[in-house]
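*Asks:* just coords:
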């Protein structure tokens, strides 16, 4: 059971890594997430059902997510539509696009070979190895990107867009690029989760932004202090595993699974309040002295 929870946490951490690109660096939550995540699953599963290699199908899922991010970026930068609304418009459009792709609301893989099936171990260990490898590749890719001149320009845009413009950085281009990269990673997570579950569903994206944000926030609460870029990205994987453990504990108690989204929101709310509670406790401790 522990191996299963950890492997699931690692696969979901990829979602958190994608959200980190916009939520933590550009400082806005991108609602496209709830469209690009199930879109990635829909594209991957549909292609695999039609005989396409799982590796190629997963790459196509990432490309579909990148297109969703591009649409949001263009609506935001060129159409001057607020980020939140632009994300909601694309998220809503993705629902119809998924129905066009799959031809129905959900689609199963049945006996179709998936990515984890290429590994020679048991199902649980295959998923764990797949989660470790993909999460490591995504983290390494993000670190490599952030240390390039382009990556530094992207970070500068998130820190202070006006100052970045004064240095000649095209901030619109950086924001579009961030949305494209972010949603391609989110779609990758959607493709992997759909392969793990064995099906794709148009409603699979409902509430996933809460799961991704929980991975980021819980990781920051568990591992706080001055962190390097690598450590910050690693906390997302740790936070995702902790989150899955918390959900497993809730289910193990025997609570109704119909309330899972409520539990997820409560966990995130508590994690968000922890830093403020710490500050208040420290203030009280100082005043008591």
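*Replies:* Yep, that arrived. Note that the coordinates shown come from a computational prediction; the quantities given were computed from them, not determined experimentally. Numbering: from 1, shown residues only.
*Asks:* What helices and strands are in contact with the least confident helix or strand in the chain by mean pLDDT?
*Replies:* One helix or strand of the chain scores below all others by mean pLDDT, DSSP states H and E: helix 260-288, with a mean of 77. Judged by 3 or more C-beta pairs under 8 Å, 6 or more residues apart in numbering; DSSP states H and E, the packing partners of helix 260-288 are helix 208-222, helix 229-252. In short, each C-beta sits where N, CA and C put it, glycine included.
*Asks:* tell me the angle it makes with helix 229-252.
*Replies:* If you take axes from the mean of the first three to the mean of the last three C-alpha atoms, to 10 degrees, helix 260-288 sits at 120 degrees to helix 229-252.
*Asks:* Residue 1: what's it in contact with?
*Replies:* The contact partners of residue 1, by C-beta atoms under 8 Å, 6 or more residues apart in numbering, come to residue 248.
*Asks:* That one and residue 213: what is the separation?
*Replies:* 25 Å (C-beta to C-beta, to the nearest Å).
*Asks:* Same question for residue 112.
*Replies:* On the measure of C-beta to C-beta, residue 112 and residue 213 end up 32 Å apart.
*Asks:* Between those two, point out the one with more neighbours.
*Replies:* Just comparing residue 112 and residue 213: by other C-beta atoms under 10 Å the higher neighbour count belongs to residue 213, 24 against 17.
*Asks:* Contact partners for the residue nearest to the more buried one when sequence neighbours are not counted?
*Replies:* The spatially closest residue to residue 213, leaving aside those adjacent along the chain, is residue 268, at 5.9 Å (C-beta to C-beta, 6 or more residues apart in numbering). Going by C-beta under 8 Å, 6+ apart, residue 268 touches 210, 213-214, 217.
*Asks:* which of those count as buried?
*Replies:* 210, 213-214, 217 (16 or more other C-beta atoms under 10 Å).
*Asks:* where do the helices sit along the protein?
*Replies:* Secondary structure of the chain (DSSP state H): helices at 2-23, 33-49, 54-77, 83-102, 123-146, 149-159, 161-166, 171-197, 208-222, 229-252, 260-288.
*Asks:* And the fifth one, what does it pack against?
*Replies:* Right, the one you point to is helix 123-146. Packing partners of helix 123-146 (3+ C-beta pairs under 8 Å, 6+ apart): helix 2-23, helix 149-159, helix 171-197, helix 229-252.
*Asks:* where does this structure have low pLDDT?
*Replies:* Counting by pLDDT under 70, the chain has low-confidence residues at 288-289.
*Asks:* One more pass at 50, please.
*Replies:* Along the chain, the model assigns pLDDT under 50 to no residue.
*Asks:* Based on its surroundings, how many neighbours for residue 57?
*Replies:* Neighbour number of residue 57 under other C-beta under 10 Å is 23.
*Asks:* Of the helices and strands packed on helix 260-288, flag the one that's most buried.
*Replies:* Neighbour counts (mean count of other C-beta atoms under 10 Å) averaged over each of these peak at helix 208-222, with a mean of 24.
*Asks:* How about residues contacting that helix?
*Replies:* Here helix 208-222 has contacts from 12-13, 15-16, 18-20, 23-24, 29, 31, 33-34, 37-38, 186, 234-240, 242-243, 261, 264-265, 267-268, 271-272, 274-275, using C-beta under 8 Å, 6+ apart.
*Asks:* quick one, phi psi at the residue lying closest to residue 23 once chain neighbours are set aside?
*Replies:* Spatial nearest neighbour of residue 23, excluding adjacent residues (C-beta to C-beta, 6+ apart): residue 29 at 5.5 Å. With angles defined as degrees, to the nearest 10, residue 29 sits at phi -80, psi 130.
*Asks:* residue contacts, residue 29?
*Replies:* Counting by C-beta under 8 Å, 6+ apart, residue 29 has contacts 19, 22-23, 84, 87, 209, 213.
*Asks:* most surrounded residue in these?
*Replies:* residue 87 (30 neighbours).
*Asks:* looking at the helices of the chain, which is closest to residue 108?
*Replies:* Closest approach to residue 108 among the helices of the chain is made by helix 33-49 (7.9 Å; C-beta to C-beta).
*Asks:* how far away is residue 17 from residue 212?
*Replies:* Where residue 212 is concerned, residue 17 sits at a distance of 9 Å (C-beta to C-beta).
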